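Colleague: Sequence plus the predicted model coming up.
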Amino acid sequence: MSSTERRVAWHHSLRWRLTLTFVLLLALLLAAAGTVEYSLLRGAVIASRAQTMTAAFQDSRAVLLRLERTRRADHRPRLGAGTLAKALVDQIALGRLSALVVGPDLQVLASAAPGSPPSPAVVAGPTAPLASRSVLLAAANFDTKSNPALLPSSSGTSLVLVFPLTTATGRDLGAVEVAEPAAPLQGELSLASLVIELGSLAVLLVALGVGLWLTTRSLRPLRRLTVTAAALGNGDLAQRSGLTPTSDEVGVLALVFDEMAESVERTVRMREEAERQMRQFIADASHELRTPLTSIKGYLEVLQRGAATDPQAVDKALGTMALEAERMRRLVADLLTLARADAGRELKVRPVDLAGFMDEFLDEREGEPGRQLEANLVALADPDALITICQNLQANAERHGGGRSIRWSTVRSEDWVGLSCSDQGPGIAEEDLAHVFERFYRSGDSRSRQEGGSGLGLAIVQSLVERQGGRVTVESQVGQGARFTVWLPPARASDWEPGHS
């Protein structure tokens, strides 16, 4: 077990809880089915024995009826009720059943039971378990046959049936109670019950084993997700479940879990990168501010040591301190601009005619930069932000262009419109192109701190352009100048009319 995997007590385990719930439900179903099956089997066995007892009674009564008819044919006197009753119970006892005859007044007329070798085949006198009075009266007086019943007797439980008794001439003699020991029947039922119980137990044990196997297999992905979640919690953000997405709930959970892990890792990495950039930004800003402050402090110390009496030294010191103060002012202004951009200050984006905008912007510049502008090229932009972008690109071109001409032009592509600023300076080395929009980044000797830039102008350009839904690119080769292009979303024709910007 890995250090990130946690043990779960078996009675808290979802695997055991699901399996035991399934087994308990199956046990209830088996108990219900077993009860019904036992009841049906018991009824069928008792009904079968009752049919055998009924057949034995009917056979014995048929013998008695033939005897009566023979006596009538011979004109002999009919037999008395006691004699007939004694002959009937003896005949029934020969069939290995006990019998008892009662008259209409429920007085016992005769009874007999089967004997056992070497005893006589019939034992006279013993009485079978007496049925209830109502059952005997119904049979003796209303010719109603009883249902089979299990009644206690001196030798144990007996199966009892009660039949009405009439002679061949229709004379009612009473009722006949036929009984047999229920021990063999109960033994069969007990064996059947044991088989049902053992079968149910075997089914439950198999269900328990199969259920544990199935739940273990089904819940294995959850165990993998638990281990992965613990690893993520311990800081291993690269961990993934590695489960193959399926269409069931666990597969969907695994897919969502991995997507969540991706999002968490991406968010943490972005936060770490943002924190790194912030630390770097603070360090760079501190360094940039420390340089002019150190220069100003140095000149002040020089003046304090007596140079203040020298007018030339004072003029030189004050001029240098003014330049450094101006550098700090520009740096602080750029920092505030960048901070507002990072804070997500809302921009008021609207259709802007790029040619008209650039004419107004360039007309205010000294040196009359070159221009190549296409009419009716409209972008969705914030005019104030666009002024800041153009000012920074113009300042960057003036600073690094070596006094050579600067050219502005409008550009278009299938999905974008924009502005391009080109200079004829020394250009940017290929290894520096990917970093020119980084904060405080300077490349080459021509882009040194002495050139007066804060190192934030291009970073501000990129931030403002991207907040307007656009992008900025740079193209350059060493010795052939640089070209910066700002791409912006185009305005729809319905959003703008000529003469409005």
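Modeller: Structure's in. What do you need?

Colleague: Every contact and neighbour count from this point should use C-alpha atoms.
Modeller: Will do.

Colleague: quick one: the strands in this protein?
Modeller: Taking DSSP state E, the strands of the chain run over residues 98-102, 108-114, 122-124, 149-153, 156-166, 172-181, 350-353, 370-372, 378-381, 407-412, 417-422, 471-476, 482-488.

Colleague: Give me the helices and strands touching the fifth one, please.
Modeller: Here strand 156-166 is seen to pack against helix 14-73, helix 133-142, strand 149-153, strand 172-181, helix 183-233 when contacts are counted using 3 or more Cα pairs under 8 Å, 6 or more residues apart in numbering; DSSP states H and E.

Colleague: quick one, which of those is packed in tightest?
Modeller: Greatest average neighbour count among these goes to strand 172-181 (a mean of 26), per mean count of other Cα atoms under 10 Å.

Colleague: What helices and strands are in contact with that strand?
Modeller: By 3+ Cα pairs under 8 Å, 6+ apart, strand 172-181 packs against helix 14-73, strand 98-102, helix 133-142, strand 156-166.

Colleague: Residues contacting the last one, please?
Modeller: The list of residues contacting strand 156-166 from outside it, by Cα atoms under 8 Å, 6 or more residues apart in numbering, reads 50, 53-54, 129, 131, 135-136, 139-152, 172-183.

Colleague: For that strand, which strands pair with it and how are they oriented?
Modeller: Under the criterion DSSP bridges, strand 156-166 sits next to strand 149-153 (antiparallel), strand 172-181 (antiparallel) in its sheet.

Colleague: now the shortest one
Modeller: Strand 98-102 has the following sheet partners, assigned by DSSP bridges: strand 108-114 (antiparallel), strand 172-181 (antiparallel).

Colleague: so which of those gets nearest Ser193?
Modeller: strand 172-181 (19.5 Å; Cα to Cα).

Colleague: That closest one relative to helix 14-73, how many degrees between them?
Modeller: Per axes from the mean of the first three to the mean of the last three Cα atoms, to 10 degrees, the angle that strand 172-181 makes with helix 14-73 is 140 degrees.

Colleague: Give me the average confidence score over strand 172-181.
Modeller: Across strand 172-181, the average pLDDT comes to 86.

Colleague: List the neighbours of it that are in contact with it.
Modeller: 53, 57, 81, 96-106, 128-131, 136, 139-141, 156-167.

Colleague: at 6 Å instead, please
Modeller: With Cα atoms under 6 Å, 6 or more residues apart in numbering as the test, strand 172-181 has contacts from 97-104, 139-140, 158-166.

Colleague: coming back round to it: with distance to Arg240 as added columns, please give the helices and strands packed on strand 156-166 in JSON lines.
Modeller: JSON lines is the format used below for those (distance: least, Cα to Cα, whole Å):
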{"stretch": "helix 14-73", "distance to Arg240": "23"}
{"stretch": "helix 133-142", "distance to Arg240": "80"}
{"stretch": "strand 149-153", "distance to Arg240": "71"}
{"stretch": "strand 172-181", "distance to Arg240": "74"}
{"stretch": "helix 183-233", "distance to Arg240": "6"}
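
Colleague: In the stretch 251-400 of the chain, where is pLDDT below threshold?
Modeller: 277, 281, 284, 287-288, 306-310, 338-345, 366-368 (pLDDT under 70).

Colleague: again, only using 90
Modeller: Scanning the stretch 251-400 of the chain for pLDDT under 90 picks out the ranges 251-349, 359-376, 384-385, 388, 391-392, 394-400.

Colleague: nearest to Leu29, of the strands paired with strand 156-166?
Modeller: strand 149-153 (28.9 Å).

Colleague: Work out the gap between the closest one and the centre of the chain.
Modeller: Taking the mean of its C-alpha atoms, strand 149-153 sits 61 Å from the chain's own mean (Cα atoms, centre = their mean, to the nearest Å).

Colleague: ok, residues contacting it?
Modeller: Pro129, Thr157, Ser158, Leu159, Val160.

Colleague: Can I get that strand as PDB, trimmed to CA atoms?
Modeller: Extracted C-alpha coordinates of strand 149-153, given in PDB (Å, rounded to 0.1, in the frame of the first residue of the first chain):
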ATOM      1  CA  ALA A 149     -55.700 -32.000  10.000                       C
ATOM      2  CA  LEU A 150     -52.700 -32.700  12.200                       C
ATOM      3  CA  LEU A 151     -53.800 -33.500  15.800                       C
ATOM      4  CA  PRO A 152     -51.800 -34.600  18.800                       C
ATOM      5  CA  SER A 153     -52.300 -38.100  20.100                       C
END
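
Colleague: Quick check, pLDDT for Leu26.
Modeller: 90.

Colleague: quick one on the thing from earlier: mind putting the strands paired with strand 98-102 in TSV, distance to Leu380 included?
Modeller: What follows is the strands paired with strand 98-102, written out as TSV (distance: least, Cα to Cα, whole Å):
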stretch	distance to Leu380
strand 108-114	116
strand 172-181	106
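
Colleague: any idea how far Ala482 is from Gln424?
Modeller: 7 Å (Cα to Cα, to the nearest Å).

Colleague: oh sorry, the question was meant for Ala73
Modeller: 146 Å.

Colleague: Check Leu20 too.
Modeller: 75 Å.

Colleague: just Leu40 next, same as before
Modeller: Taking Cα to Cα as the measure, Leu40 falls 99 Å from Ala482.

Colleague: Tell me where the model's unsure across the stretch 101-250 of the chain.
Modeller: Looking at the stretch 101-250 of the chain by pLDDT under 90, you get 101-159, 164-175, 179-193, 196-197, 199-200, 207-250.

Colleague: For Pro489, give me the pLDDT.
Modeller: Reported pLDDT for Pro489: 93.

Colleague: How many residues are close by it?
Modeller: Neighbour count of Pro489, defined by other Cα atoms under 10 Å: 18.

Colleague: That one contacts Asp415, doesn't it?
Modeller: No: applying Cα atoms under 6 Å, one finds Pro489 not in contact with Asp415, separated by 7.2 Å.

Colleague: quick one: contacts for Thr216?
Modeller: With Cα under 6 Å, 6+ apart as the criterion, no residue contacts Thr216.

Colleague: Ser60 too?
Modeller: Contacts of Ser60 by Cα under 6 Å, 6+ apart are Gln91, Ile92.

Colleague: Brilliant, that's me finished.
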